[in-house]
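*Asks:* coords please:
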Amino acid sequence: MTDTKYEFGLDTFGDLAFQDDGTPLNGDETLRQVIKEAKLADDLGIYRIALGEHHRPEFAISSPEVVLGAMAAVTKSIKLGTAVTVLSSDDPVRVFERFSTLHGLSHGREEIMLGRGSFTESFPLFGFNLEDYNGLFEEKIAMWQKLLEGKPMNWTGKYTQKLTDTTVYPKLPSGETISTSLAVGGSPESIIRAVAYDIPVVIAIIGGEPIRFRPYVDLYKKAAAQFKKPEHPLGMHAHGIILDDEQEAVEVGFKYIKAEMDRIGIDRGWAPMTRDRFEFEIDKGSYYVGTPEQVAQKIAHNMKALDMKRFDLVYGTGGQLLSQREATIRNFGERVIPRVKELLGGE
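*Replies:* Below you'll find the model as predicted:
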């Protein structure tokens, strides 16, 4: 590809945050804080902010569209998205209604990132069987694509409702759509699915050396050529902390990123993160922790190596102090993004 335009955004799962004196914020306070952070990101000219959907005690955001609607009221330009919407355990028609409503509230700034869900608590919560994990997503993403056509729906599925000549409201304005991407965690099947449905891909690279995902990038390009589909710019997202002092960034990262990964690891059978492992992730792996220049250099290096046009930084991992969260956002917008663009030689 010859396109030199790059996109940089922020992702958050709504991790329960902490006041600077260490006092924990509750879920309500964290939600209001995330809206303030979206306003800051918008003021800094950051391209997008995306919210994760989780149904766990350590995260405040279980209904991203509601929070995005509140963000729409206090921002002007920033794209408002999800990372991700767990379509498998939701109703595509209701998802479409929520996002077409957000389309109107935000003047078309909404984005949706669809995923099967690396966290699976939403399946039993909403009455879905994990044995149907793949079938649910395959059928519902097909239904989503049909809904985006904006025509009266005729639909019959195994896991979804039957619709006969049904119009879904609110309708999108003529010629407009809901910007859609597909989150991929590293399965070849997900890459092929994205190409088949002509949906841009964002790869979640949350551990290990990023270059190990190069085969998936190559598979995407080969599949696009084979299926005669357009080759969309690829994206990635990863965790990071950007502070003026390198050692402070490392210590904050080890405290909070380790805490979150260890909590997740209880469910997934991971061993607790060691200091050596954490420092490997900073040096050669998938954590972007350090000063603005260090983080910019690493982002630029990995975007070049993987031929990426989009990079989203997951900020606030594990909660963190409000001043640390704000510092990461400010450094990302004011110093990292311009420097990465300079290093990449693009717009």
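*Asks:* CA atoms for contacts and neighbours, from now on please.
*Replies:* OK.
*Asks:* Helices of the stretch 101-250 of the chain, start to end?
*Replies:* Listed in chain order, the helices of the stretch 101-250 of the chain (DSSP state H, counting those that start in this stretch) span 122-125, 133-148, 188-196, 214-227, 246-268.
*Asks:* which regions of the stretch 151-300 of the chain sit below the pLDDT cut-off?
*Replies:* Along the stretch 151-300 of the chain, no part satisfies pLDDT under 70.
*Asks:* now the helices of the stretch 101-250 of the chain as CSV including mean neighbour count and distance to P92?
*Replies:* Converted to CSV, the helices of the stretch 101-250 of the chain look like this (neighbours: other Cα atoms under 10 Å; distance: least, Cα to Cα, whole Å):
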stretch, mean neighbour count, distance to P92
helix 122-125, 15, 15
helix 133-148, 17, 6
helix 188-196, 18, 17
helix 214-227, 16, 26
helix 246-268, 16, 28
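*Asks:* what's the closest of these to V67?
*Replies:* For V67, the closest of these is helix 122-125, at 18.4 Å, according to Cα to Cα.
*Asks:* now what about the closest one, what contacts it?
*Replies:* Residues from elsewhere that reach helix 122-125, judged by Cα atoms under 8 Å, 6 or more residues apart in numbering: H54, H55, S88, S89, N129, L130.
*Asks:* Distance to E334 for the helices of the stretch 101-250 of the chain - can I get that in a markdown table?
*Replies:* Below are the helices of the stretch 101-250 of the chain laid out as a markdown table (distance: least, Cα to Cα, whole Å):
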| stretch | distance to E334 |
| --- | --- |
| helix 122-125 | 37 |
| helix 133-148 | 36 |
| helix 188-196 | 33 |
| helix 214-227 | 29 |
| helix 246-268 | 17 |
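*Asks:* Which of those sits closest to E29?
*Replies:* Comparing these by Cα to Cα, helix 246-268 comes nearest, at 18.9 Å.
*Asks:* To which secondary structure element type does R310 belong?
*Replies:* Recorded secondary structure, R310: strand (DSSP: H, G, I helix; E, B strand; the rest coil).
*Asks:* my guess is it meets G235, correct?
*Replies:* Yes - using Cα atoms under 8 Å, R310 is in contact with G235, at 4.2 Å.
*Asks:* Name the residue in those two with the higher neighbour count.
*Replies:* The neighbour count for R310 versus G235, taken as other Cα atoms under 10 Å, is higher for G235 (26 against 19).
*Asks:* which residues does that one contact?
*Replies:* Going by Cα under 8 Å, 6+ apart, G235 touches V201, V202, I203, M308, K309, R310, F311, D312.
*Asks:* Tell me how far it lies from S181.
*Replies:* Distance of G235 to S181, computed by Cα to Cα, to the nearest Å: 10 Å.
*Asks:* what's the overlap in contacts for these two?
*Replies:* Between them, G235 and S181 share the contacting residues V201, V202, judged by Cα under 8 Å, 6+ apart.
*Asks:* Now render the contacts of G235 as CSV, adding distance to E29.
*Replies:* Below are the contacts of G235 laid out as CSV (distance: Cα to Cα, whole Å):
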residue, distance to E29
V201, 33
V202, 30
I203, 30
M308, 35
K309, 34
R310, 30
F311, 28
D312, 24
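*Asks:* A249: which of the residues you listed is nearest?
*Replies:* Nearest member of the contacts of G235 to A249, counting by Cα to Cα, is D312, at 18.5 Å.
*Asks:* farthest-separated two in the contacts of helix 122-125?
*Replies:* Using Cα to Cα, these span at most 17.5 Å, a distance reached by H54 and N129.
*Asks:* what about the two, which has more around it?
*Replies:* H54 (24 against 12).
*Asks:* Please confirm that the more buried one is located within a helix.
*Replies:* No - counting by three-state DSSP, H54 falls outside a helix, being coil.
*Asks:* Is it in contact with T120, as I believe?
*Replies:* No - between H54 and T120 there is no contact under Cα under 8 Å: 9.0 Å.
*Asks:* isn't K140 right next to T156, touching?
*Replies:* No - in this structure, K140 is not within contact of T156 by Cα under 8 Å, at 11.3 Å.
*Asks:* Tell me which strands the strand ranked longest in the chain pairs with, and in which orientation.
*Replies:* Longest strand of the chain, by residue count under DSSP state E: strand 234-242. Strand pairing for strand 234-242, using DSSP bridges, gives strand 201-204 (parallel), strand 288-290 (parallel), strand 308-314 (parallel).
*Asks:* Of all those strands, which one is nearest T160?
*Replies:* Short answer: strand 201-204, nearest of these by Cα to Cα, at 24.7 Å.
*Asks:* Just say helix, strand or coil for N331.
*Replies:* Of the three states, N331 takes helix according to three-state DSSP.
*Asks:* what's near enough to touch it?
*Replies:* N331 touches I242, L243, P292, counting by Cα under 8 Å, 6+ apart.
*Asks:* Make CSV out of those residues and add distance to V340.
*Replies:* Below are the contacts of N331 laid out as CSV (distance: Cα to Cα, whole Å):
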residue, distance to V340
I242, 14
L243, 16
P292, 10
